[in-house]
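[1] Dropping a prediction and its sequence here:
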Amino acid sequence: MAQSIFETNRSSNFKTNVQRIVFNLIPAYWCSGGKIGFISSDWQEVHISLRRKLRTRNLVGSVFGGSIYSATDPIYMTQLLFILGKDYVVWDKSAEIHFKKPIYKKVHIRFEITDAQIAEIKEIVEKDGRCNYTFETQFVNEEGVVFAVISKKLFIATKEFYKMKSKQKKEEN
């Protein structure tokens, strides 16, 4: 059974527990060293742990920056795909990571998408057909010390808008 790392009012269900297990077994994600410990039943909250292991250790003995980033890379996009559903297209557009301290012990990160953010995204997409939306989160230890801050900008559009733009680009080339 999933166990949330952070305090939350949300709970998981059988489906998100299976999705969590499968996600953790995907070779590209497993190799990052990240481990998803919790996915809420509405996909609005995901908790991940990362620790220094043989496969995540860098030359100076801390967690490799690539592992820190790759443990976070697909999460916001995946959340939005599940939250918004099949009528939307979601792509990672850009990312930024600010390393604050080297990671030597276990750290955690929470990905939370609020109802207000979902409403804002839907409102912008309904009006403009698309939007770029930035989320920010951070790796912390048990005491709340910040080790890395991650910002992700995502492109979100209706499938209809995306198909129209793709068709226009093909015609231009």
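    That came through fine. Numbers count the residues shown, from 1 in each chain.
[2] residues contacting the residue lying closest to T8 once chain neighbours are set aside?
    Nearest residue to T8, sequence neighbours excluded (C-beta to C-beta, 6 or more residues apart in numbering): E45, at 5.8 Å. Where you see a C-beta, it was placed from the backbone N, CA and C, and this is true even at glycine. Residues counted as contacts of E45 (C-beta atoms under 8 Å, 6 or more residues apart in numbering) are 4, 8, 10, 38-39, 110-113.
[3] Give the helix, strand or coil label for I68.
    At I68 the chain is in helix, as set by DSSP: H, G, I helix; E, B strand; the rest coil.
[4] cool, and the one 5 residues further on?
    Following three-state DSSP, D73 is assigned to coil.
[5] Make sure it is actually in contact with S94.
    No - using C-beta atoms under 8 Å, D73 is not in contact with S94; the gap is 11.9 Å.
[6] Just want to know which of these two has more residues nearby.
    D73 (18 against 11; other C-beta atoms under 10 Å).
[7] mind listing what that one touches?
    For D73, the contact set (C-beta under 8 Å, 6+ apart) comprises 32, 92, 95.
[8] E136 now?
    E136 neighbours (C-beta under 8 Å, 6+ apart): 149-152.
[9] Confirm that it sits in a strand.
    Yes - assessed by three-state DSSP, E136 belongs to a strand.
[10] okay, it: pLDDT?
    Here, the pLDDT recorded for E136 equals 98.
[11] Kindly report the same for S11.
    As predicted, S11 sits at a pLDDT of 93.
[12] any idea how far it is from I39?
    Going from S11 to I39 by C-beta to C-beta, to the nearest Å gives 10 Å.
[13] re the thing from before, what remains of the contacts of E136 if I keep only buried residues?
    150, 152 (16 or more other C-beta atoms under 10 Å).
[14] Redo the contacts of D73 as a markdown table? Include neighbour count, pLDDT and distance to K15.
    Output for these, formatted as a markdown table (neighbours: other C-beta atoms under 10 Å; pLDDT from 0 to 100; distance: C-beta to C-beta, whole Å):
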| residue | neighbour count | pLDDT | distance to K15 |
| --- | --- | --- | --- |
| S32 | 23 | 93 | 23 |
| D92 | 13 | 96 | 24 |
| A95 | 15 | 97 | 28 |
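[15] hmm, back to that, settle it for me: which of S11 and I39 has more neighbours?
    Remark: of S11 and I39, I39 carries more neighbours, 30 against 13, as counted by other C-beta under 10 Å.
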